[in-house]
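Q: one predicted model, sequence on top.
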Amino acid sequence: MSNLNDFLKEYSPILYNCERPSRYIGGEFLSTKKDFSANRTKILLAFPDKYEIGISNFGHKILYHIINQKEDMLADRIYAPEKDFLELLNKYNKPLYSLDNKKPMQDFDLIGFALQYEMSYTTILKMLEMGSISVLSCNRKEGEPIIFAGGPCAYNPNPLSDFIDLFLIGDGEEVVVEVANLYKKIKHLKRSEILEKLSEIEGVYSPVYSPKRGKVKKRISPLAFEDHPVSSPIPHSQSVHDRATVEIRRGCGRLCRFCQSAHTNLPIRERKKDDIIKLAKQYIKNTGYDEYSLLSLSSNDHGKIEEIIEELNKHFKGTDVSVSLPSQRADRFSVKLGQLIHGIRKGTVTIAPEAGSQRMRNVINKNLDENQIISATLASVENGWDKIKFYFIIGLPFEKEEDLEEIAKLLEKINQKCKEAGYKLPKITCSISTFVPKPFTPFSVCSQNPPDKIKSKISYLRQKSAHLKNVKLNFHNPIISQFEAFLTRGDKKVCNFIYELYKKGSYLESWEENVNYDTYYKTAEECGLDINIETAKEYSYDAELPWDVIDAGVNKEWLKNEFSKAQKAESTIPCETKCSNCGVCNNFKTKKSLDA
Ligand code: SF4
């Protein structure tokens, strides 16, 4: 399609008849449209979820910004359409197209999928099909785009290794540019030669070529100032996070033993205070947003968080601009911080004790005690926050019945302390998820509780907290958590399962209402796999693990030792305070950088 008019002429019957056409028209304020015909390497950034989720993803925004800054490259975007739109594309025999340039997926040199969560795997396959691209990489012909993928789930590439040509492991800022630069030089070669050469770049895993060469090391970005976006496409319709975002820190040294992001994003890299302030001011100026988020796995762990907010508050005084901290540590939540983030719109304060008893908090290495949780809650209520959200996980390794009861007791104590202080009881929402053993964590080898066991734990918790009228318990679906565990630790046999699910019509399954549980269990059985057995399985650190093809930097011996410490309910001091020799700094000749 040569221009917008041609596009509208061709696609208007589809756009007129679909729900929320704003998801499919592109051209948002601050989106980038470069000349497609020029001699540029064309990269399509694909997000296998709906527009309103994908357009908010910060990783996508970073890559879109970095690639489009390069004169000889072009980045465009595509998100997973709703089923009604797919049906209309089929009806009118039209391919799925990119949002900025309105080009079919086939017209791109490279297509990169974001692997944020396991339940999006079948959506990737369907998007490839709708773009008329061979779903199986072994069937891709000369001239078809190179399909790459990166993000948290790339740390175990096995389940998608039949569909993705190349996985980018770790931080994508530098490696995506290196891939595009090399591609430009070698694009005249045969497809197999291109893939072989691209897989020689550090941080690139090819299911075909890398296993012959040994483990692929993750990439670590220095978080260069110019790599951070200061604008991004403003969504036409409501999105999940419609605000300016400044990433203040990558990595988390707390090293909770269930948390994959903490272990795969080491070492901690803290952005300098002055850079954060510049980025926030510029982002707000460029976009007109009235809210900015200071993003990190644990935002108030930044050494200068209070100074940063204080200075930005001064700068935005008299405007409607307010700050949000997406994730906070209870032990770092002070009355002063509460006052500083006491914005115009008072949202919800989020605190993540993860476990109710001190023993369990030691098992998971939360480094948080009850007084700290209660003090953070009281400080929030004192500052006028009347809604508090708590995160808990159940089904954790070494959990006992009394640990569950302690969750209810902790909530009871919080209510009691609020009453003693003369405060009105806050509305408390507890988001309670099921433990999922993730690769590259000390708990990766652990068995997961089956859904029936989790359901009885849920009933027990409901019964124990029924008298707390200001507390609402929200549980994540334990069956979905079981599917996540099955996929996240899967080996190559899981590829066939994903392929069969896709052929049966699985799509947009990150939305629970789209998941057919029976189809999952039945398809696994047909593929010779048993989801219940696989997820209940205990792995051993002494054996080869499916994700051992990747080197995330953390030593296996260290992970094994952390697991033994968990058994004894012993904590490890956070990396911010003292190095526990996890291996990352030595193995990657790097070090943590704090804005001290
Ligand atoms: S080696 Fe030490 S300083 Fe480096 S990431 Fe690991 S614990 Fe932190």
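A: Happy to help now that I have it.
Q: what residues does the stretch 401-550 of the chain put near the ligand?
A: By CB under 6 Å from any ligand atom, no part of the stretch 401-550 of the chain sits against the ligand. C-beta here means a position set from N, CA and C on the backbone, and glycine is covered the same way.
Q: can you map out the strands along the stretch 401-550 of the chain?
A: Taking DSSP state E, counting those that start in this stretch, the strands of the stretch 401-550 of the chain run over residues 427-434, 471-475, 550-551.
Q: next, format those as CSV and append mean pLDDT, distance to residue 110 and mean neighbour count.
A: Formatted as CSV, those follow (pLDDT from 0 to 100; distance: least, CB to CB, whole Å; neighbours: other CB atoms under 10 Å):
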stretch, mean pLDDT, distance to residue 110, mean neighbour count
strand 427-434, 96, 35, 20
strand 471-475, 97, 40, 17
strand 550-551, 98, 21, 22
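Q: make CSV out of the ones you listed and add distance to residue 443.
A: As requested, the strands of the stretch 401-550 of the chain are arranged in CSV below (distance: least, CB to CB, whole Å):
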stretch, distance to residue 443
strand 427-434, 13
strand 471-475, 20
strand 550-551, 18
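Q: out of the ones you listed, which is closest to residue 223?
A: strand 550-551 (20.8 Å; CB to CB).
Q: looking at the strands of the stretch 401-550 of the chain, which is closest to residue 225?
A: Closest to residue 225 of the strands of the stretch 401-550 of the chain is strand 550-551 (CB to CB; 28.1 Å).
Q: residues of the following helix or strand past that closest one that come out buried?
A: Sequence-wise, the next helix or strand downstream of strand 550-551 (DSSP states H and E) is helix 556-567. Using 16 or more other CB atoms under 10 Å as the test for burial, helix 556-567 gives 558, 559, 561, 562, 563, 565, 566.
Q: where along the stretch 251-400 of the chain do the helices fall?
A: Here the stretch 251-400 of the chain has its helices, by DSSP state H, counting those that start in this stretch, at 260-264, 273-287, 305-315, 335-340, 358-363, 370-382.
Q: any weak-confidence spans in this protein?
A: For the chain, the stretches with pLDDT under 70 are 1-2, 327-330, 335, 342-347.
Q: now with 80?
A: The model of the chain has pLDDT under 80 over residues 1-4, 37-38, 237-241, 299, 324-349, 596.
Q: so which bits of the chain are right by the ligand?
A: Residues of the chain lying near the ligand (CB under 6 Å from any ligand atom): 253, 266, 267, 575, 579, 580, 581, 582, 584, 585, 592.
Q: at 8 Å instead, please
A: Contact residues (CB under 8 Å from any ligand atom) of the chain with the ligand: 251, 253, 255, 266-268, 553-554, 575, 579-586, 590-592.
Q: re earlier: any idea which of the helices of the stretch 251-400 of the chain is most buried?
A: helix 260-264 (a mean of 23; mean count of other CB atoms under 10 Å).
Q: any idea how far residue 484 is from the residue most central in space within the chain?
A: In the chain, the centroid-proximal residue (CA atoms, centre = their mean) is residue 116; its distance is 4.4 Å. Distance, residue 116 to residue 484, by CB to CB, to the nearest Å: 12 Å.
Q: same deal with residue 153?
A: In terms of CB to CB, residue 153 sits 10 Å off from residue 484.
Q: same question for residue 60.
A: From residue 60 over to residue 484 (counting by CB to CB), the distance is 21 Å.
Q: quick one, which of the two is more surrounded?
A: residue 60 (25 against 22; other CB atoms under 10 Å).
Q: wait, a helix at the residue nearest to the centre of the chain?
A: No: read with DSSP: H, G, I helix; E, B strand; the rest coil, residue 116 is coil and lies in no helix.
Q: list the contacts of the closest residue to it other than its chain neighbours.
A: For residue 116, ignoring the flanking residues on the chain, the nearest one in space by CB to CB, 6 or more residues apart in numbering is residue 151 at 5.3 Å. With contact taken as CB atoms under 8 Å, 6 or more residues apart in numbering, residue 151 is in contact with 59, 114, 115, 116.
Q: please identify which helix or strand holds the first one.
A: Meaning residue 59. Under the criterion of DSSP H and E, residue 59 resides in helix 58-69.
Q: list the buried ones in that helix?
A: Neighbour-count burial for helix 58-69 [16+ other CB under 10 Å]: 58, 59, 60, 61, 62, 63, 64, 65, 66, 67, 68.
Q: tell me the bridge partners for the residue of the stretch 51-200 of the chain found nearest the ligand.
A: At 13.7 Å from the ligand, residue 170 is the closest residue in the stretch 51-200 of the chain, using CB to the nearest ligand atom. Note on residue 170: beta-bridge partners residue 219, judged by DSSP bridges.
Q: was I right to think it contacts residue 264?
A: Yes: under the criterion of CB atoms under 8 Å, residue 170 makes contact with residue 264 at 7.4 Å.
Q: overlap in contacts of those two?
A: Both residue 170 and residue 264 are contacted by 218, 552, under the criterion CB under 8 Å, 6+ apart.
Q: ok now stretch 308-320, how far from the chain's centre?
A: Here stretch 308-320 is found 29 Å from its chain centre; the criterion is CA atoms, centre = their mean, to the nearest Å.
Q: next one: stretch 245-265
A: 11 Å.
Q: quick one: buried residues of that stretch?
A: Going by 16+ other CB under 10 Å, stretch 245-265 has these buried residues: 245-265.
Q: surely residue 286 meets residue 232?
A: No: if you go by CB under 8 Å, residue 286 and residue 232 don't touch, sitting 9.0 Å apart.
Q: how long is stretch 184-192 end to end?
A: Taking CA to CA, to the nearest Å, stretch 184-192 runs 15 Å from one end to the other.
Q: which residues sit against that stretch?
A: By CB under 8 Å, 6+ apart, stretch 184-192 touches 41, 72, 109, 140-144, 146, 193-194, 197-198.
Q: out of those, which two sit at the greatest distance?
A: Top of the distance list for these (CB to CB): 72 and 141, 25.7 Å.
Q: more crowded one of the two?
A: Between residue 72 and residue 141, residue 72 has the larger neighbour count (other CB under 10 Å), namely 11 against 8.
Q: quick one: the residue nearest to that one when sequence neighbours are not counted from the ligand, how far?
A: Excluding the flanking residues, the one nearest residue 72 by CB to CB, 6+ apart is residue 40, at 5.5 Å. The spacing between residue 40 and the ligand, counted by CB to the nearest ligand atom, to the nearest Å, is 38 Å.
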